[in-house]
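1. Build me a model from this:
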Amino acid sequence: MGLERQVSYTKGMAPGMAVRTLILCILVLGVSSARARAAPRTEKLGIRASDSQPRLVRRPVAVIDLSNDQAVREVANKLLDLLGLHAELAPPPISDGAALVDKLPPDDELRLAEAQKKKVAAEQNLAQRNFREAAIDAVEGQELLLHVTPHAALSLYADLALALGLSRLGEKKDAEAREAFALTVRLDPSRTLDDLHFLPEVVETFEAARQVDPGTGTIAVRGAGRVWIDGDEVGQAPGSFPVSYGRHVVWLTGMLRETGGKEVMVTASRAGDATIVDGPLSRPQKVVRFRVALSQARDAAARANAMNALATFVKVHDAVLLSVVNGKITWQTWRDRAPGFSAPRELGRDNPLEILKQLAVPEPVVMSEPVQVVPVEPKQWYRQTRVEIGLAATIVMAFVGGYLLAHYSQAPQPWNTDIKTVTSADAGPAGR
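-> Numbers count the residues shown, from 1 in each chain. Predicted structure coming up:
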C-alpha cells in the first residue's frame with residue numbers, strides 16, 4: 001500500500017466557487033458605485049430627469065368661413081393644412097374644424113323648398129276643386145315650417161293658412177275656414193283678397209275674420225329657448241304669454257336647440273298650451289349654430305359676443321375669419337385679448353402662411369413641476385463613496401480568505417508502515 005490521499009468532506013462551497021463569489025461581490029459593489037457616480041446632478045437637486053425637458057404646447061387656432069363660399073373654403077382648408085404642420089400653432093379638433101369651414105347644411109332651405117311645393121300643390125287642387133287634397137297639402141306644408149326659423153317661415157306659413165281656409169270653405173266647414181283666415185291675418189296683417197280672383201263670399205268671410213276682436217287669453221309655453229308667437233319674439237320659455245282668442249303659431253328657437261313649433265287654439269274657456277320638445281343637436285350642429293350667429297351679427301358688440309361664445313365653445317383663443325366683400329376674399333385675425341379683431345384685409349397676394357404670421361407667437365409654455373433645490377452637504381472623508389467601497393471590498397476579501405483557510409486546507413496524509421511492499425505504481429519513476 002502506498003501513500004493514500006484522504007479527501008475531506010464538507011457541506012461548504014468548493015474553492016473555485018468561493019473565488020467566483022468573491023469576484024462577483026466586488027463587481028456588484030463597483031457597478032453600484034458607478035451608478036451612484038453617474039446619477040444626474042438634477043436628481044441630487046430633487047429634480048426628475050423628465051422635468052428638465054420642456055414640452056411645447058401648440059395653440060389651437062379656429063379657421064372660420066363666414067361666407068359659405070367655395071373659394072373661401074379652399075383658402076380655409078389650406079390654412080388648416082398649414083396649421084397641422086405648424087410648430088407653435090395647431091388646428092382645432094377635426095369635427096370642430098370641419099363644422100367651421102364646410103358648406104352650411106341647408107336645413108331651412110330644404111324645408112322651405114318642400115313647403116313651397118306643398119303650397120303649389122294645394123293651389124292646383126283648389127283650382128280643380130279637390131278641396132280635401134288641398135287641405136292635406138296645406139297642413140303638411142305648415143308642419144314643415146314649424147321647424148324653420150320664424151322670420152323665414154312667416155310669409156309662406158300665411159300663404160298655406162290662406163289655402164287651408166279656402167279648402168275648408170270648399171268643404172263647407174265655415175268655422176274652420178274663419179280660424180284659418182284669422183291666422184292668415186295675424187301672420188300677415190297687410191294681406192287682402194283681390195275680388196277679381198276670389199268670389200265675393202270668400203272675400204267677405206276673409207274680411208270678417210280680420211274684424212273679429214274676441215278678447216285676450218294666454219298661452220303657456222313649456223320647453224327651452226326663445227318664444228315666438230305669430231312671428232313676434234315675446235320672451236323666454238318656459239313662461240305664460242297673453243294672446244288674443246283664436247289660433248296661433250308658437251315657435252321655440254335657440255342657439256343650441258332645434259327649432260320647433262306648434263299651432264295652439266285659445267278660447268275664453270281654455271288657455272293655450274304649447275309644450276315643445278327640444279330636439280337633440282350633435283356637437284358639429286352646435287358649432288354650426290355659433291358660426292351662423294357670428295356671420296349674422298349686425299354690430300360690433302354683437303359680433304364680439306358671438307365670437308367670444310364660439311371661441312369658448314370650441315376652446316380656442318385665436319382665430320382667422322374669412323369672408324367675401326364685393327366679390328373679393330377678405331380675412332382678419334381675432335385674439336381673446338387686445339386688440340381683439342384685426343383690421344379686415346383683402347386676400348390679394350397674402351398667401352395662407354402670411355396670414356398665420358399675423359398671430360404673434362408667444363413664448364413656449366413649459367409644462368413641468370416647480371423645481372425644488374435641495375442643498376447638498378459635503379460628506380466627511382469616511383463617508384465618501386470611494387472610501388466606503390474600499391472598506392467593503394477589504395471586509396469581503398478578509399471574510400472569504402479566512403473561510404477558505406479554515407475549511408479548504410489539505411488534510412494530513414497517513415504514513416504507510418508497510419515499507420517492505422512497494423508496488424511499481426507506488427515507486428514511480430524514481431523507484432525504477
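2. Just the strands from this structure, written as ranges.
-> Assigned by DSSP state E, the strands in the chain fall at 59-65, 89-90, 216-229, 232-244, 246-253, 260-266, 272-275, 318-325, 328-335, 345-346.
3. Reformat the ones you listed as JSON lines; add mean pLDDT, mean neighbour count and distance to E74.
-> Quick note: C-beta positions are derived from backbone N, CA and C, even for glycine. Formatted as JSON lines, the strands of the chain follow (pLDDT from 0 to 100; neighbours: other CB atoms under 10 Å; distance: least, CB to CB, whole Å):
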{"stretch": "strand 59-65", "mean pLDDT": "95", "mean neighbour count": "24", "distance to E74": "10"}
{"stretch": "strand 89-90", "mean pLDDT": "92", "mean neighbour count": "17", "distance to E74": "20"}
{"stretch": "strand 216-229", "mean pLDDT": "95", "mean neighbour count": "19", "distance to E74": "36"}
{"stretch": "strand 232-244", "mean pLDDT": "95", "mean neighbour count": "15", "distance to E74": "37"}
{"stretch": "strand 246-253", "mean pLDDT": "96", "mean neighbour count": "24", "distance to E74": "32"}
{"stretch": "strand 260-266", "mean pLDDT": "95", "mean neighbour count": "19", "distance to E74": "36"}
{"stretch": "strand 272-275", "mean pLDDT": "94", "mean neighbour count": "20", "distance to E74": "45"}
{"stretch": "strand 318-325", "mean pLDDT": "94", "mean neighbour count": "20", "distance to E74": "10"}
{"stretch": "strand 328-335", "mean pLDDT": "92", "mean neighbour count": "19", "distance to E74": "10"}
{"stretch": "strand 345-346", "mean pLDDT": "89", "mean neighbour count": "13", "distance to E74": "16"}
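4. Adding distance to A135, write the ones you listed out as a markdown table.
-> Output for those, formatted as a markdown table (distance: least, CB to CB, whole Å):
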| stretch | distance to A135 |
| --- | --- |
| strand 59-65 | 43 |
| strand 89-90 | 57 |
| strand 216-229 | 24 |
| strand 232-244 | 24 |
| strand 246-253 | 15 |
| strand 260-266 | 14 |
| strand 272-275 | 22 |
| strand 318-325 | 44 |
| strand 328-335 | 49 |
| strand 345-346 | 54 |
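5. Run through the residues that contact the nearest residue to G84 once chain neighbours are set aside.
-> Nearest residue to G84, sequence neighbours excluded (CB to CB, 6 or more residues apart in numbering): P91, at 5.6 Å. Applying CB atoms under 8 Å, 6 or more residues apart in numbering to P91 gives the contacts 60-61, 63, 80, 83-84, 97.
6. ok, back up a step: closest to I136 out of the strands of the chain?
-> strand 260-266 (15.6 Å; CB to CB).
7. closest to D299 among the contacts of P91?
-> Ranked by distance to D299 (CB to CB), the contacts of P91 are led by V63 at 23.8 Å.
8. need the contact list for that closest one.
-> Contacts for V63 (CB under 8 Å, 6+ apart) come out as 76, 79-80, 83, 91, 97, 100-101, 319-320, 322.
9. Let's see which of those residues end up in helices.
-> 76, 79-80, 83, 97, 100-101 (DSSP state H).
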